[in-house]
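In: return atomic coordinates for the entry below.
(2 chains)
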Amino acid sequence: MSSEKTVARFVDVDVTYGGDVDALSHITLDIYEGDFLGIIGPNGAGKTTLLNVLLGLTPPKRGSVSLFGGSVSASGLRRVGYVPQKVATAEANSPFTVYETVLMGRTPRAGPLHRLGHEDYNKAEEVLRLLGIHELSRRKMGELSGGQSQRVLMAKALVGDPDLLVLDEPTSGVDSPSRVEIYRILAELNRVRGITMMLSTHDIGVVKSLTNRVAFLHRSLLFQGSTSELSDQVLSRMYDYPIEITEDGRVCDYPLEHLTHNDHA
Amino acid sequence: MIMLSSLLSLLMEPFIQRAFLVGIIIALASSVLGVFIVLKKISLIGDGLAHTAFGGLALGYYLDVVPLWAAAVVVVVGAIGITKSTRSKKISGDAAVAVILQLGLASGVVLLSLARGFGVNLDSLLFGSILLVDSTQILTAGVVLVLTLGVILVFYKELQYTTFDESQARASGISTSFFDYLISVLTGIVVIASIPIVGVLLISAMIVIPALMSLQVSSSFKHTLILSPVFSTISVIAGLLISIILDTASGATIVLTAILGLILILGFKRISSTSKQRSQSQSIQS
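Out: You can find the predicted model right below:
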């Protein structure tokens, strides 16, 4: 699905926190149209920071970032859907309903001074059905579980018909059936509609089975390439931890695989 | 306490009717804005700006210019200052409000004491004098209401998104800083128009309490925006009536009425959720 047309580009990007703590160092990375890019790395590796730089939420200290061939600006960001890392479940008295929240995703597309219309309402209904949360439409965000909230945020990201979907650990706190369903939808959106995806995750199995390109981040980019190049050796070396990919593509966490009931006893 | 006949004849008095009219106008403007302020967790901004206005009024008296205009300029500068400090994240938002609040109050007290009070009725500045409003103040309040509602209608979807989650709105290309400044400056303008009614010390309650009442019972964000002015208007009408009957300070009585309303709503909500839980557990047992 991937083409050679660049959707986003990082050129020698550095980000520091508090002036001297390196969050990202010398990041050079291209995301091509139709890519499903998996971004992996340990906690604190800078995955969220990388996405925040692309979204204009964190300014780089050095280097340049471009989006759809231009600088990171409102016009480019209007073509991006963003699913944030799992935030705390909305406060109990949050008045926003699921429908209102999803509809907010149409705001950038409608542009300033334009009211939302029937096309926007129909699109919200369509996305709510696609993600299986239509029956929650009138529920308030504060009444939802973490998994339901994540689906709503994903619907909000999709409702604006994005060309690029940026997903920051979108399934943390989501139960297994919902997780599988969410990844099935993402794969279909990438394959059928050609939406470019940037997925930050700890789930190497998902990256292995879903994405076509991988970037391993640990402050700097330690690996980037085709998913097929992601072998046991590469993963184990990067995580400094024994990781094994089985013949059927499952990823085994080596020490956990050897923890048997007898060991517990 | 006055008799019913005296109350009815009082209600026919133009100054009482003006008080109700201006009270309702300010109630509408402050309560709609209050929904955004409460949800953005900047509830103290009203207090901060009101105290800044106090400093501005004192400056106006000191410089011998129209005090309300001096206060308006100072409040707008204060609103921008609070928002800038909050957004810079160098100091926390509540600390920024606290510093600007104390700056406004302390400057006002010093300026007033420098000129031995300028013959200013401090009580009316601090607690309001709704029964003394004139037609110019009503007109000003009306303009402020139209401006507030107009801005909210025009930028409704952007304000809603920014209130829901600033980072997500910013990542969608919305200029959230512009909307933060807009809400702060609008709040400053509403505060200036409200000082004659509830005074410097109580205006924050007019902004925050109706929104809190509305949030307890509303079923959506839009519903919250509609209910907040309803609760605010009821509080102003009931508070004014009570203040006339009991011959108490009108601004403070309006605020106490609103707080009583909030307590009643919280109480009803608690009773209703307890009885709902009880009926659910009974149906599970049976």
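In: just to be sure, residue A:178 is in a strand?
Out: No. Going by DSSP: H, G, I helix; E, B strand; the rest coil, the assignment for residue A:178 is helix, not a strand.
In: need the contact list for it.
Out: Taking C-beta atoms under 8 Å, 6 or more residues apart in numbering or on different chains, we find residue A:178 in contact with A:147, A:151, A:171. For every residue, glycine as well, the C-beta is placed using N, CA and C.
In: contact partners for the first one?
Out: Just to be clear, that refers to residue A:147. Counted by C-beta under 8 Å, 6+ apart, residue A:147 has contacts A:173-175, A:178.
In: how much space between it and residue A:160?
Out: Per C-beta to C-beta, to the nearest Å, residue A:147 is found 22 Å from residue A:160.
In: also residue B:223?
Out: Distance, residue B:223 to residue A:160, by C-beta to C-beta: 25 Å.
In: please apply the same query to residue A:233.
Out: Separation of residue A:233 from residue A:160 (C-beta to C-beta): 41 Å.
In: neighbour count for these two, which is higher?
Out: residue A:160 (23 against 10; other C-beta atoms under 10 Å in any protein chain shown).
In: would you list the phi and psi of the residue of the stretch 1-150 of chain B found nearest chain A?
Out: Residue nearest to chain A within the stretch 1-150 of chain B (C-beta to the nearest C-beta): residue B:39, separated by 7.4 Å. Residue B:39 adopts backbone torsions of phi -70, psi -30, taken as degrees, to the nearest 10.
In: could you say which helix or strand holds the residue of the stretch 101-250 of chain A found nearest chain B?
Out: Of all residues in the stretch 101-250 of chain A, residue A:108 sits closest to chain B, at 4.3 Å by C-beta to the nearest C-beta. Using DSSP states H and E, residue A:108 sits in helix A:107-110.
In: quick check, the residue of the stretch 1-150 of chain B closest to chain A in contact with residue A:95.
Out: Yes. Counting by C-beta atoms under 8 Å, residue B:39 touches residue A:95, with 7.4 Å between them.
In: returning to what we had before: hmm, the residue of the stretch 101-250 of chain A closest to chain B is touching residue B:172, no?
Out: Yes. Under the criterion of C-beta under 8 Å, residue A:108 makes contact with residue B:172 at 4.3 Å.
In: what touches both of these two?
Out: Residues touching both residue A:108 and residue B:172 (C-beta under 8 Å, 6+ apart): A:77-78, A:160.
In: hmm, back to that, residue contacts, the residue of the stretch 101-250 of chain A closest to chain B?
Out: A:74, A:77-78, A:160, B:172-174.
In: just these now: which is nearest residue B:15?
Out: residue B:174 (45.5 Å; C-beta to C-beta).
In: check what pLDDT the residue in the stretch 151-286 of chain B positioned nearest to chain A gets.
Out: Closest to chain A within the stretch 151-286 of chain B is residue B:173: 3.4 Å, counting by C-beta to the nearest C-beta. As predicted, residue B:173 sits at a pLDDT of 92.
In: element containing residue 238?
Out: I'll assume chain A. Applying DSSP H and E, one finds residue A:238 within helix A:232-239.
In: nope, chain B
Out: helix B:221-246.
In: so which helix or strand takes in the nearest residue to residue A:72 once chain neighbours are set aside?
Out: Spatial nearest neighbour of residue A:72, chain neighbours left out: residue A:56 (4.5 Å); criterion: C-beta to C-beta, 6 or more residues apart in numbering or on different chains. Using DSSP H and E, residue A:56 maps to neither a helix nor a strand.
In: and residue A:56, how many residues sit next to it?
Out: With other C-beta under 10 Å as criterion, residue A:56 counts 20.
In: hang on, it packs against residue A:77?
Out: Yes. In this structure, residue A:56 is within contact of residue A:77 by C-beta under 8 Å, at 6.3 Å.
In: check the contact lists of those two and give me the overlap.
Out: B:171, B:173.
In: so where's the stretch 1-150 of chain B shaky on pLDDT?
Out: Within the stretch 1-150 of chain B, the segments meeting pLDDT under 70 span B:1-2, B:115-121.
In: do a quick rundown of the strands in it.
Out: Using DSSP state E, counting those that start in this stretch, the stretch 1-150 of chain B contains no strands.
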